[in-house]
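Enquirer: Pasted the sequence and its predicted model underneath.
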Amino acid sequence: MDKPTNNIKSKDDSYFPSQNPFKKSHLSSLFCFPTSVFALALLLLLAYNSFTIFSINVPHFSHESDKETEKKLPTSSQISSNRISSAQDDPPPSISTITHIISLQNFTISSPQKRPRASKLKRVPKSPALEPSSRRFSKRVRQFFIKNSCEVRVFMTWISSLESFGERERFTIESLFKFHSNACLIIVSESMDSPSGAQILRPFTASNFRVMPVKPDYRFVFKNTMAAAWFDQLKKGNINPGEVSLGQNLSNLLRLALLYKYGGIYMDTDFIVLRGLDRLRNSIGAQNVDLKTGNWSRLNNALMVFDKKHPLLNKFIEEFALTFNGNKWGHNGPYLVSRVVERVSVTKGFEGSFSVLPPTAFYPVDWARISSLFQRPKNDVHMRWVKSKLRQIDGETYALHLWNRQSRGVVVEDGSIIGPRGLRSPSNIISISSKDFPLVSGTHLYTKTMDKAEIRANTKKVPATVMA
């Protein structure tokens, strides 16, 4: 039998014709590569595909975009009495930080994940000043006043750390109780309302003086005033807190609301009380006087005495809510009370309802010259000034403001007005050693063995000096 000839094509040969040697050689060489090379190529391809699908487009923050965002922030001109939609040491949140928080809403994410809610991005960062942990403020304050027969109600605020509450602040409390032994002092503070804060105040409570630190409850204190709406807008992120410490501005508002709700005395923690404040009523002190006209040119809110729900306090609170500016130091404090009093002085219904005391009452020495009280006389001119100022303080000053912001680091020199032999009065009103303000020492306002009767006997009261 004859064998088949080689020129007859098989079925497979019809698909791979012998006349295409290039394609056969290409495929044969392709299958010669190792398997790991193909695996690497597939991984690279998969990574590229994932990157293109789950990419995040981050916007560029330019000065122009920041300005556009800042324009969206509410201004004080947009506020009405029915709806507040705008907004006043520690670094506070700055304008640029808040602008960038709001700008984060422009992020575009192509992933199918759930987009975060914009309201959380706009919120003011949570802080102890805005989120008090205690809601027992009302009950504790009410019980404190009921339990003690308080002849005088005094409020202080403390927005700094516990470590910052030093001998000078304790001396302020000591001088207060020297002339108001039956006073009830409430220190509204996050840090002081703690076991460590109670330890700091133990020398007073152990001597049966009435002092209590309590965490603030802003919603309760601001309730039924325009401060409540302002605070709600602040928490929602609709008010720019500005560059000035938010804690400082909350303290400015809190002191007004406390006096409006309870009545009494508010004073900063950098005063030396020199005589009884209980004879004053509905009074605020002038910081500066125009020498030509004799009229006050600036008031201050560091020490105020007012009845409960006094209409002037309500005006102060309204002014705060309507004109808040967190970028100007003093705008929501001394400048605020000055603006309001200047307006209401020509308004019917306010005549004779309050008094403006002269600078000698609380601010006998301006902040720019406060260091002179701590220095010994350097020459004859300085000596004459010291003697004159000492006579003025001894005869006219109710409480001496030390302007802590300017004087905290100043050393007390022997021979100065505030020195071991300074500020001498018939009752030896004050005698402070150069080692700052040591608590309950033998040269201090009172010793551990001095009881309330002795302190009360030393109290020197003079008629109030009122400047219209």
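Expert: Great, that's in hand. Numbering: from 1, shown residues only.

Enquirer: use CA for all of it now, contacts and neighbours both
Expert: OK.

Enquirer: Buried residues of stretch 373-384, list them for me.
Expert: Neighbour-count burial for stretch 373-384, counted by 16 or more other Cα atoms under 10 Å, picks out 373-377.

Enquirer: now for the one helix or strand Ser175 maps to, which elements pack on it?
Expert: Using DSSP states H and E, Ser175 maps to helix 167-179. Here helix 167-179 touches strand 271-273, helix 452-457, going by 3 or more Cα pairs under 8 Å, 6 or more residues apart in numbering; DSSP states H and E.

Enquirer: The ones you listed: lowest mean pLDDT?
Expert: Of all the helices and strands packed on helix 167-179, mean pLDDT reaches its minimum on helix 452-457 (a mean of 39).

Enquirer: in terms of contact, does Asn404 touch Asp268 like I think?
Expert: No. Shown here, Asn404 and Asp268 do not form a contact pair, counting by Cα atoms under 8 Å, at 9.7 Å.

Enquirer: Quick check on these two: which one has the bigger neighbour count.
Expert: For the pair Asn404 and Asp268, the greater number of neighbours falls to Asp268 (20 against 17), based on other Cα atoms under 10 Å.

Enquirer: Isn't that one up against Arg168?
Expert: No. The pair Asp268 / Arg168 is not scored as a contact, 11.7 Å apart, by Cα under 8 Å.

Enquirer: what number of residues lie near Gly242?
Expert: The number of residues packed around Gly242, counting by other Cα under 10 Å, is 21.

Enquirer: That one is in contact with Trp329, isn't it?
Expert: No. Gly242 is not in contact with Trp329 according to Cα under 8 Å; the separation is 10.2 Å.

Enquirer: domain parsing for this protein?
Expert: 137-346, 367-457 (automatic domain parsing).

Enquirer: Just name the most buried of those domains.
Expert: Each of these was given a mean neighbour count from mean count of other Cα atoms under 10 Å, and the largest, a mean of 19, is that of domain 137-346.

Enquirer: quick one, longest strand in this structure?
Expert: In the chain, ranked by residue count with DSSP state E as the criterion, the top strand is strand 296-306.

Enquirer: Now the helix or strand just after that strand - C-alpha only, CSV.
Expert: Once strand 296-306 ends, the next helix or strand along the chain (criterion: DSSP H and E) is helix 311-323. Below are the C-alpha coordinates for helix 311-323, written out as CSV (Å, rounded to 0.1, in the frame of the first residue of the first chain):
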residue,chain,number,x,y,z
PRO,A,311,-31.8,96.6,83.3
LEU,A,312,-28.2,97.9,82.7
LEU,A,313,-26.9,94.3,82.9
ASN,A,314,-29.5,93.2,80.3
LYS,A,315,-28.3,96.0,78.0
PHE,A,316,-24.7,94.8,78.5
ILE,A,317,-25.7,91.2,77.5
GLU,A,318,-27.6,92.4,74.4
GLU,A,319,-24.7,94.5,73.3
PHE,A,320,-22.4,91.4,73.6
ALA,A,321,-24.7,89.3,71.5
LEU,A,322,-25.3,91.9,68.8
THR,A,323,-21.8,93.3,68.4
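
Enquirer: I'd like the next helix or strand past helix 311-323.
Expert: As assigned by DSSP H and E, the chain's next helix or strand after helix 311-323 is helix 334-344.

Enquirer: what about that next one, average pLDDT?
Expert: This predicted structure assigns helix 334-344 an average pLDDT of 97.

Enquirer: Give me the helices and strands touching it, please.
Expert: strand 296-306, helix 311-323.

Enquirer: and these as JSON lines, adding mean pLDDT and distance to Lys235?
Expert: Formatted as JSON lines, the entries for the helices and strands packed on helix 334-344 read as follows, by pLDDT from 0 to 100; distance: least, Cα to Cα, whole Å:
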{"stretch": "strand 296-306", "mean pLDDT": "97", "distance to Lys235": "25"}
{"stretch": "helix 311-323", "mean pLDDT": "98", "distance to Lys235": "14"}
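
Enquirer: Next, format these as JSON lines and append distance to Tyr398.
Expert: Supplementary listing: the helices and strands packed on helix 334-344 in JSON lines, determined by distance: least, Cα to Cα, whole Å:
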{"stretch": "strand 296-306", "distance to Tyr398": "10"}
{"stretch": "helix 311-323", "distance to Tyr398": "22"}
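
Enquirer: To Ile159, which of the ones you listed lies closest?
Expert: Taking Cα to Cα as the measure, these were each checked against Ile159, and strand 296-306 came out nearest at 14.3 Å.

Enquirer: where along the stretch 301-450 of the chain do the strands fall?
Expert: Read by DSSP state E, counting those that start in this stretch, the stretch 301-450 of the chain holds these strands, from start to end of the chain: 355-357, 399-401.

Enquirer: Next, format the ones you listed as TSV and append distance to Lys178 and mean pLDDT.
Expert: Converted to TSV, these look like this (distance: least, Cα to Cα, whole Å; pLDDT from 0 to 100):
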stretch	distance to Lys178	mean pLDDT
strand 355-357	22	96
strand 399-401	12	97
